[in-house]
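Trainee: Need a 3D model of the following:
(2 chains)
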Amino acid sequence: MRRFTTLLLFLCLAATTSFGGGYQVGLHSVRNTGMGLIGTSLSNDASSLFYNPGGAAFVSDKWSFSAGVSLIFARGTYQAKDVNYQATIKHELNTPFYFYAAFKPTKNLSIGLAVNTPYGNRLAWNDTEGDDWKGRYLIKDISFKAITYQPTISYKFKNVVGIGVGLVYSTGTVDMNKSIPIQGATGDGTMNVKGSTSNFGFNAGIMVHPDKGWSIGLDYRSKIEMNVKGADATFAVPQSVSDKFPATNKADVMLPLPANLDLGVSYEFGKSNQWMIGLNLCYVFWSTYDSLAFDFQEPVNGATHIATPALYTDQLIVRVGAQYKVSKAITLRAGGYYDPSPVKNDYLNPQTPSLTEIGVTCGLSVTPFKGFSIDAAFLYLMGAKRDGTYSPDNFAGTYRTGFSIPGIGLSYSF
Amino acid sequence: MKKILFIILSLAVLTACERKIDEFNASANGLDFSNFVSVGNSLTAGYADGALYTSGQENSIPNIMATQFKTVGGGTFKQPLIGTNDGVGFQPIPGGLYCYTKRVLYYTVDKDCYGNPVVPEIKSIKPGFVSNPDQATLLQQLFAPSTVTGPYNNMGVPGATLQTLFMPGYGSQYGNPYFTRFATSPGTTILADAIAQQPSFFYLWIGNNDVLASALAGTDQMMTPADTFAKYYPMAAGALMASAKKPKGVIANLPYVTSIPFFTTISQKLPWNGVPLDATQAAQLNGLYALQGHPEIVWKAGLNPFVYKKEDGTLAQLQEGDLFLLTLPTDSIKCRGMGIADTTKHPMPYIYPIPGKYVLDKSEQANLKARTDEFNATIYKVATENNLAIADMNGYLKQFASGMVFDGIKMSTAFVSGGLFSTDGVHLNPRGNCVTANFFIQAINSKYGSTIPQANVTNYPGLTFP
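Mentor: As a prediction, this is how the structure comes out:
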């Protein structure tokens, strides 16, 4: 036992990486997190409902449940270009979670519900001297959270091919603050936008078990247009310009949750399939996010449409993972992934300081009795630094971001 | 199990420790900033909002630069602080000076030209004096010794021209009060006081007033001749370079003055051809002008240009591109017929041209530009021949005409809303000074290979809105 934990420690400490992936979160199963976030070709538990609905029908138990939470300890720093100025991202604990429940009325049919948090972004910038931070006219803090609810149906044909589809209902909230460079006696003007919305999408997948030990999965999760209608836009500016910045305004904000096309291959081998290795290729259709646009009901400084360009580009994430069943009671996992940033260098914005990310993960499950397991994983990302400019606002600097993400989950099936 | 959880959590806590922040790698690359001395005019002195005041001086271009130099061995930078935040500005009047405070922004009800509030009530942002203290108090503040003892690293003197740098007595009671208040002796010169300090690095931005003073008077007749400039400018830079420590330095060229808000603001609101007439009115005016000796002015039905008095005393109609100065009495235009005919005169209206001092016509603008180009050629020649750093302020001000963005702050030459200039429409506000100081630092870094950090623009205030 001690030897394995020492091994895990080494694995984790050897990891180097960064923070990235725009505002997409990949933590949907503590087990899969331990294996480099792979999952498209796996059908070990109810998390298949999300990773690949085609795989849910391959889960053998009649009932299966899985739930867990990850604790994102984020850290980030900014060093201004040409200016002796530093800022840090304020520590705020983000906790993406998941809950999956699947039921098999027949041997080949599975129905289930997946609830999780595939998208989100939450950060607040802090001046290291305690002053107002240099990027406050771009963003002071932002909290964007989305929770998706996905009722799913999955059917398999002869233990070889499984197909599944889920209807995705997503709710989202956004709350952001920034300063406006018009100063009164009490300092800068301020802007807050706060609202919530919901919309539908779908998740469809197919899984094939072509040969003993092999599994191939293909999954497509559609884009969801989170169109926040009538968000509260609150401005506080000096009285003499208050007619240009209505104090209580309404805004429509469009934030697209990008589509994903995931291809996964995995292979189980060894004595009673003790080993499993897997590869995932995840294509994220980031180019849908071309700008963060606000459409105000009342004109703000003469304009009703204010857009900050994002110009994201599509990216391919490569993930590898392995699993080793030490005994009936203990399973160990490790993995890694490469997640290139969808943000161009001249559009690197402190609102989502997305860096190309290499993650290393490890995890284990403890199974005290058949069907029940306690899962733990650790994902370590140490940001490679990135120089960039948000050119529309001429805001330049070097970002370093990094994460430590422990996760804990429970799975129960019978 | 517990042990494993403990290990995972402690790993998380361990690795979640604050990242070390990159340090800025500042280097002077051999430059010596221990005694930085700046020579210039109002732009250098920190003059803003139509007056000299303490916080304006604290946000002066060279003081912002000196603050950045501290990271690369810069010494103290002493300025002749005036000791009042309400400020003192003045203009010469027969027999003395008329003084006033700085101007700040007020949000007040618009009044018509008779001083009555307009109906329905409209409020707008207007610059106005801070208070109205008596002349004696202001004069006393103007001539009082600085709250800081000298010598002063910032030798910027509002109103200074190239030649006044060399002028003995410029700091005497008959000279420029802004120099008199801190000159080491009545007989000294600005350059002598600067050189006596043995600068280790110098800043020289002079020549603006050699064009601007003329432009502010609405004429092209008061500019320094180009050959005079070509003679004195190398002498000024040469004197600084030849001082005890043989310092290196940074200089700057001169922006075209006609792009500053003082010359663009009114012209954007009041069209040059803002006189609509019908045929009858045009005929009446033609009759009036002929009767009063100016048949050369012809009025037509439709939109007509205003009439103004040219430098040579002749009358002419404005042309597209002629500029009104910020000092133009717009009330007289609206209510007394300035630019057309004075309707308050009896028994008949009298022709009423806009006085030439309120107009920079196109030929005057062209001459001001041409002279600026000649001056700038001299400045570049001196920079090149002496390996001095040079900041292209003319280029930057051109860019500001369409706007430049820094850290999400859009800045332009628009009056008040542009965020670059102070309330006088000529001088910069602290944020504008910071941006300009950064242009100087960029010039130094690019010439001498240093990596002096630039100042944080967001730390310097723009105008304070009511």
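Trainee: so which helix or strand takes in B:Phe440?
Mentor: Per DSSP states H and E: B:Phe440 is located in helix B:430-448.
Trainee: That helix - what's its average pLDDT?
Mentor: Here helix B:430-448 scores 98 as its mean pLDDT.
Trainee: who are the neighbours of it, in terms of helices and strands?
Mentor: Where contact means 3 or more CB pairs under 8 Å, 6 or more residues apart in numbering or on different chains; DSSP states H and E, helix B:430-448 is packed against helix B:61-69, strand B:248-252, strand B:389-391, helix B:393-402, strand B:409-411. In short, each C-beta sits where N, CA and C put it, glycine included.
Trainee: want to throw the ones you listed into CSV with mean pLDDT, mean neighbour count and distance to chain A?
Mentor: Shown next, in CSV, are these (pLDDT from 0 to 100; neighbours: other CB atoms under 10 Å in any protein chain shown; distance: least, CB to the nearest CB, whole Å):
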stretch, mean pLDDT, mean neighbour count, distance to chain A
helix B:61-69, 98, 25, 8
strand B:248-252, 98, 26, 16
strand B:389-391, 98, 23, 15
helix B:393-402, 96, 16, 12
strand B:409-411, 97, 21, 4
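Trainee: Point me to the residue of the stretch 201-350 of chain B nearest chain A.
Mentor: Minimum separation of the stretch 201-350 of chain B from chain A (CB to the nearest CB) falls at B:Gln268, amounting to 15.5 Å.
Trainee: what about that residue, which helix or strand?
Mentor: Assigned by DSSP H and E, B:Gln268 belongs to helix B:261-269.
Trainee: Could you give me the buried positions within the helix or strand that that helix is followed by?
Mentor: Next helix or strand after helix B:261-269 toward the C-terminus (DSSP H and E): strand B:275-277. Buried residues in strand B:275-277, defined by neighbour count with 16 or more other CB atoms under 10 Å in any protein chain shown: B:Val275, B:Leu277.
Trainee: and strand B:275-277, which strands flank it?
Mentor: Note on strand B:275-277: by DSSP bridges, its sheet partners are strand B:302-304 (antiparallel).
Trainee: got the contact list for the helix or strand following the strand it pairs with?
Mentor: Next along the chain after strand B:302-304, taking DSSP H and E as the criterion, comes strand B:307-309. Contacts with strand B:307-309, where a contact means CB atoms under 8 Å, 6 or more residues apart in numbering or on different chains, come from B:297, B:315-318, B:322, B:339-340, B:351-356, B:358-359, B:361.
Trainee: next structured bit after strand B:307-309?
Mentor: Next helix or strand after strand B:307-309 toward the C-terminus (DSSP H and E): strand B:315-317.
Trainee: one step back: distance from the helix holding B:Phe440 to the middle of the chain?
Mentor: 16 Å (CA atoms, centre = their mean, to the nearest Å).
Trainee: buried ones in it?
Mentor: Applying 16+ other CB under 10 Å to helix B:430-448 flags B:430-445, B:447-448 as buried.
Trainee: Now do the contacts for the closest residue to chain B within the stretch 101-250 of chain A.
Mentor: Here the stretch 101-250 of chain A gets closest to chain B at one residue, A:Tyr137, 3.2 Å apart by CB to the nearest CB. Shown in contact with A:Tyr137 (CB under 8 Å, 6+ apart): A:Lys178, A:Ser179, A:Ile180, A:Pro181, A:Asp393, B:Asp407, B:Gly408, B:Ile409, B:Thr458.
Trainee: Identify, from those, the entry nearest to B:Pro62.
Mentor: Nearest to B:Pro62, judged by CB to CB, of these is B:Thr458 at 20.6 Å.
Trainee: residues near that closest one, how many?
Mentor: Using other CB atoms under 10 Å in any protein chain shown, B:Thr458 is surrounded by 27 other residues.
Trainee: Now it: phi and psi?
Mentor: phi -70, psi -10 (degrees, to the nearest 10).
Trainee: ok, now B:Ala196?
Mentor: The phi/psi pair for B:Ala196 (degrees, to the nearest 10) is phi -60, psi -20.
Trainee: Pull up the distance across stretch B:203-211, start to finish.
Mentor: Its start and end residues considered, stretch B:203-211 measures 20 Å (CA to CA, to the nearest Å).
Trainee: Understood, closing this out.
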